[in-house]
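S.K.: Got a predicted structure here, sequence first:
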Amino acid sequence: MGLDILYTVLSYPPAIGGRQSAMHALAREMAGAGHRAKAIAQWPRKRRSYVWGSTVLSGPPRSYVWEGVPVRQLGFPLSRRAHMAP
């Protein structure tokens, strides 16, 4: 019986970067070893600004699967993001 593993990261593929690639490789390895690996991320793009990326530019919440790993992207609907702009 495998473990339930949740990886929490700021961004996850399809965002390109060392952290994203390393976390995804680890999640795939754990899933391949029989564990239930999932990821939760703040946004799907490479980060430019933490404040903007986690609020106004975060995008809407969504779920997707990237190379076999289920991912939940946190975010806000457009109506909420409009109120966060400086």
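M.R.: Perfect, thanks for sending it.
S.K.: and the nearest residue to residue 71 once chain neighbours are set aside, which of the three is it?
M.R.: Residue nearest to residue 71 in three dimensions, not counting chain neighbours: residue 39, with 4.7 Å by C-beta to C-beta, 6 or more residues apart in numbering. The way it works is simple: take the backbone N, C-alpha and C, and place the C-beta from them, glycine included. In three-state terms, and counting by DSSP: H, G, I helix; E, B strand; the rest coil, residue 39 is strand.
S.K.: Specify the beta-bridge partners of residue 39.
M.R.: residue 7, residue 71 (DSSP bridges).
S.K.: who touches it in this structure?
M.R.: For residue 39, the contacting residues are 6-9, 12, 23-24, 27, 66, 69-72, taking C-beta atoms under 8 Å, 6 or more residues apart in numbering as the criterion.
S.K.: Kindly write the ChimeraX command that selects the buried subset of those.
M.R.: Typed into ChimeraX, the next command selects the buried ones out of those (criterion: 16 or more other C-beta atoms under 10 Å):
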select :7,9,12,23,24,27,66,69,71
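S.K.: nearest to residue 34, of the contacts of residue 39?
M.R.: Closest approach to residue 34 among these (C-beta to C-beta): residue 27, at 13.2 Å.
S.K.: now that closest one: how far from residue 86?
M.R.: Taking C-beta to C-beta, to the nearest Å as the measure, residue 27 falls 35 Å from residue 86.
S.K.: would you list every one of the helices in this structure?
M.R.: Residue ranges of the helices in the chain, as given by DSSP state H, are 18-32, 50-53, 78-81.
S.K.: Of all the ones you listed, which one comes closest to residue 62?
M.R.: For residue 62, the closest of these is helix 78-81, at 12.9 Å, according to C-beta to C-beta.
S.K.: can you list contacts of that closest one?
M.R.: Outside helix 78-81, the residues within contact range by C-beta under 8 Å, 6+ apart are 55, 56, 57, 58, 60.
S.K.: okay, now the last one: neighbour count?
M.R.: In other words, residue 60. 12 (other C-beta atoms under 10 Å).
S.K.: isn't it right next to residue 77, touching?
M.R.: Yes. Using C-beta atoms under 8 Å, residue 60 is in contact with residue 77, at 5.4 Å.
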